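In: Pasting a predicted model and its sequence here:
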Amino acid sequence: MVNVFLFFLCVLSAASAVKILEMTSTSTAFQDDFARAGEAAEFIRQRIRLQPKIALVLGSGLGGFADELQDATIIPYAQIPHFPATSAEGHAGNLVVGKVGEVVVAAMQGRFHYYEGHSLLRVTFPVRVFSRLGIKAALFTNAAGGVNLQLKQGGLVVLRDHINLQGSNPLIGPNDERFGPRFSDMSEAYAKDFRALALEEGGRHGITICEGVYAAVTGPSYETPAEIRYLRTIGADTVGMSTVPEVIVARHCGIKVLAISCVTNMAAGILDQPITHAEVLETGARVRGQFVALLKSLVPRMAETLPS
């Protein structure tokens with residue numbers, strides 16, 4: 001009996017030790033994130049000539065906008081310290097620093113996703129790097145499924161709010177006050193003045209554009225028709241597998257946010273046809289012209305609202 005008791009005591013002690021090591025490892029990861037982001041930011045700073053003012057995160061099929069930047073410096077993600085690798089089709093995997101007019105931007109050609117197996121810390125790491133670079137505004141774009149029946153394929157939706165259905169939050173864990181406060185306000189995650197500018201510029205270019213709510217799910221499977229009916233019931237207009245973790249971290253860092261969805265496909269059950277990633281990329285390519293025109297006029301106006 002004594003031997004059995006000692007055996008279980010050893011098992012419990014070993015389990016406790018493993019748990020302590022796991023907790024220590026997780027805590028260290030959070031604590032080191034500020035230093036890692038600083039190292040990546042310094043690597044980028046040494047390779048560019050101008051200080052970026054706005055960050056652009058370009059989603060599936062939309063990364064071509066970075067090719068329009070003037071005086072551009074291209075840095076593959078693989079070269080940037082601590083950056084994850086992107087595996088999603090349609091994501092080139094480069095950071096491009098260049099000019100939109102006279103405004104210097106840092107544009108991500110592709111992002112990282114929870115469904116690729118990255119932790120949310122890794123997914124949102126580039127936003128931390130932008131913060132360490134001194135960037136104060138970010139424009140996120142994504143390819144999304146149209147949930148609202150009034151939307152049309154190829155239309156653009158300026159996000160006024162979101163619903164996080166990814167089952168986690170990138171701020172979980174020890175908080176580093178150097179990035180932001182423990183409890184981050186999300187009552188205006190998407191800046192009202194940026195949204196107004198986007199709608200105004202869209203109208204000026206004759207682009208089909210409106211405001212809506214984005215639901216973030218994990219993927220990588222597309223949603224079922226029943227899930228889409230649920231999303232419509234709870235107030236979602238578009239659905240996708242990105243953006244929300246990045247926006248949460250951007251707001252935590254005090255970065256002002258605008259986000260735009262391109263409705264690359266109508267969600268499951270709306271049209272009598274299967275959903276494919278090829279359709280997503282095809283629609284992104286089709287709307288590239290109007291998307292580029294919008295961003296070229298929108299980014300300088302966003303920059304005008306920022307402190308010099």
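Out: Arrived safely, thanks for sending. Residues are numbered from 1 along each chain as shown.

In: where are the low-confidence patches of this structure?
Out: Low-confidence segments of the chain (pLDDT under 70): 1-31, 60-61, 87-91, 267-269, 271-275, 277, 279-280, 283-284.

In: could you pull out the strands for it?
Out: For the chain, applying DSSP state E gives strands covering 54-58, 70-76, 94-100, 103-109, 137-146, 156-164, 209-216, 238-240, 256-266.

In: Next one: Ile163 from Ala259, what distance?
Out: Distance, Ile163 to Ala259, using C-beta to C-beta, to the nearest Å: 13 Å. C-beta: built from backbone N, CA, C; applies to glycine.

In: Tell me which of those two has more neighbours.
Out: Using other C-beta atoms under 10 Å as the criterion, Ile163 and Ala259 rank with Ala259 on top: 29 against 16.

In: what are the bridge partners for that one, then?
Out: Bridge pairing for Ala259 (DSSP bridges) gives the partners Phe140.

In: can you tell me how far it sits from Arg288?
Out: For Ala259 relative to Arg288 (C-beta to C-beta), the value is 18 Å.

In: distance of the residue nearest the centre of the chain from Phe34?
Out: The C-alpha lying nearest the average C-alpha coordinate of the chain belongs to Thr243 (C-alpha atoms, centre = their mean; 3.2 Å). Taking C-beta to C-beta as the measure, Thr243 falls 23 Å from Phe34.

In: now do Val129
Out: Per C-beta to C-beta, Val129 is found 11 Å from Phe34.

In: ok, the two, which is more surrounded?
Out: Using other C-beta under 10 Å as the criterion, Val129 and Phe34 rank with Val129 on top: 26 against 16.

In: The more buried one against Ala37, yeah?
Out: Yes: at 4.9 Å, Val129 counts as touching Ala37 under the criterion of C-beta atoms under 8 Å.

In: check contacts around the nearest residue to Arg122 once chain neighbours are set aside.
Out: Once flanking residues are discounted, Arg122 sits nearest to Pro84: 4.9 Å by C-beta to C-beta, 6 or more residues apart in numbering. When contacts are counted by C-beta atoms under 8 Å, 6 or more residues apart in numbering, Pro84 touches Tyr77, Phe112, Glu116, His118, Arg122, Val123, Phe125.

In: out of these, who's nearest Thr276?
Out: Nearest to Thr276 among the contacts of Pro84, counting by C-beta to C-beta, is Glu116 at 18.7 Å.

In: returning to that earlier point: for the contacts of Pro84, give me CSV that also has distance to Ala137.
Out: As requested, the contacts of Pro84 are arranged in CSV below (distance: C-beta to C-beta, whole Å):
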residue, distance to Ala137
Tyr77, 22
Phe112, 21
Glu116, 26
His118, 24
Arg122, 23
Val123, 20
Phe125, 19
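
In: From the residues you listed, keep the buried residues only.
Out: Burial by neighbour count, 16 or more other C-beta atoms under 10 Å: within the contacts of Pro84 this picks out Tyr77, Phe112, Glu116, His118, Arg122, Val123, Phe125.

In: so who does the last one touch?
Out: When you say that, I think you mean Phe125. Neighbours of Phe125 in contact, by C-beta under 8 Å, 6+ apart: Asp33, Arg36, Ala37, Ala40, His82, Phe83, Pro84, Phe112.

In: picking up where we left off before, could you verify my assumption that the residue nearest to the centre of the chain touches Asn142?
Out: Yes: at 4.9 Å, Thr243 and Asn142 qualify as touching, with contact defined as C-beta under 8 Å.
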